[in-house]
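In: Quick one, fold the following:
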Amino acid sequence: MALKSHTQWKEELIITDEQGNSFCFGCGWGVEPPVAYIPSQVDWSRCVPGWLTDRRLEVIDLIKQEGHLVEDWPYPEVRPANDSAF
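Out: So this is what the prediction gives:
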């Protein structure tokens, strides 16, 4: 099975795995084509949950298939998509 994605609002791209785990990537506002910001290769394993650690290239491919540009961006913390604290 493969990862899935959907846009939530204009500024969030949600990636979901086969077990229903989700992670939110930030996106640019009002830009065309849309831009998704992901942790750099160096920061990836620190910033994403364990289920996504070895799937960076798959995430990048999926984001591009959705029509987004991909930019490395500093990520200060992990943010699960289903975290109601945000």
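
In: Tell me the spacing between Cys27 and Val70.
Out: Summarising the geometry, the distance separating Cys27 from Val70, computed by C-beta to C-beta, to the nearest Å, is 10 Å. C-beta: built from backbone N, CA, C; applies to glycine.

In: I should have written Tyr37 there, sorry.
Out: Using C-beta to C-beta, we find Tyr37 at a distance of 8 Å from Val70.

In: more crowded one of these two?
Out: Tyr37 (19 against 16; other C-beta atoms under 10 Å).

In: Please work out the average pLDDT along the helix or strand the more buried one falls within.
Out: Tyr37 is part of strand 35-38, with elements assigned from DSSP states H and E. Confidence over strand 35-38 (mean pLDDT, whole number) is 94.

In: Check which residues of that strand are buried.
Out: When neighbours are counted by 16 or more other C-beta atoms under 10 Å, the buried residues of strand 35-38 are found to be 35-38.
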